[in-house]
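Build me a structure from this.
(one chain, ligands or ions: 2)
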Amino acid sequence: MAKENTTTGLNITREQMIQLLNEDLAREYQAIIAYTVYSQVIKGAEYTDIARELEQHAGEELAHAIKIAKQIDYLGGMPGVMPKPVKTSSDPVEMLRADLENERETVSHYRERIRQAEAMGEFALSESLRSIIVQEQEHEIDLCDALGINVPPPKKPADRKNG
Ligand SMILES: [Fe+2]
Ligand SMILES: [Fe+2]
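Ligands and ions are numbered 1, 2, ... in the order given. Predicted coordinates for the structure are as follows:
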């Protein structure tokens, strides 16, 4: 898979948008898998509430994946089928931290994607992405609550793992 290129900035072509949305889709697939597995394997009385929330997140991530696939199809692209790699662990805190890290990465990318969609005049795409980012930020809050930490400031593109 081509490496995500974010140095293209705001003014991107339709083809670049399709490619970037496919990266977003791969992150949504990753989130579906991580939340599906973590919600079931996380153990301990103190994690009962968050386990239930993680299960709900899994369903929301699936809805995001469908929205992104719909937009890729609308733009004339083919939605990809590969998730980003999912970290496995049996330690609850490590699982929650991995989820939080992924959510922060995802939010950072969507912040950029919304600006790119606006610059293209793709307002329906922008609207769809905005509805997704609202939920991703709620996921961040849920995870931070469970970890007993404050929500960290948004990741800048330079701090991201990939692109
Ligand atoms: Fe998502
Ligand atoms: Fe999320």
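
Run a quick neighbour tally on the closest residue to ligand 2 within the chain.
Among the residues of the chain, residue 139 lies nearest to ligand 2; the distance is 3.7 Å by Cβ to the ion. Just so you know, the C-beta spots here come from the backbone N, C-alpha and C atoms, and that holds for glycine as well. Here the number of neighbours of residue 139 (other Cβ atoms under 10 Å) works out to 23.

all numbers from here: first residue = 755
With the count now opening at 755, the last piece we talked about shows up as residue 893.

my read: it touches residue 811, true?
Yes - counting by Cβ atoms under 8 Å, residue 893 does reach residue 811; the two are 5.4 Å apart.

Now the common contact residues for these two.
Where contact means Cβ atoms under 8 Å, 6 or more residues apart in numbering, the residues bridging residue 893 and residue 811 through contact with each are residue 853.

any idea how far residue 840 is from residue 824?
Spatial separation of residue 840 from residue 824 under the definition Cβ to Cβ, to the nearest Å is 24 Å.

Looking at these two, which is more packed in?
residue 840 (17 against 13).

which ones are touching the most centrally placed residue in the chain?
For the chain, the residue whose C-alpha lies nearest the mean C-alpha position (Cα atoms, centre = their mean) is residue 860; its distance is 3.6 Å. Under the criterion of Cβ under 8 Å, 6+ apart, the neighbours of residue 860 are 778, 781-782, 785, 890.

Repeat that for residue 858.
With contact set as Cβ under 8 Å, 6+ apart, residue 858 has these partners: 894, 906, 908-909.

Just give me the neighbour total for the closest residue to ligand 1 within the chain.
For the chain, the residue positioned closest to ligand 1 under Cβ to the ion is residue 818, at a distance of 3.5 Å. The burial count assigned to residue 818 is 26, neighbours taken as other Cβ under 10 Å.

What of residue 764?
Using other Cβ under 10 Å as the criterion, residue 764 is surrounded by 11 other residues.
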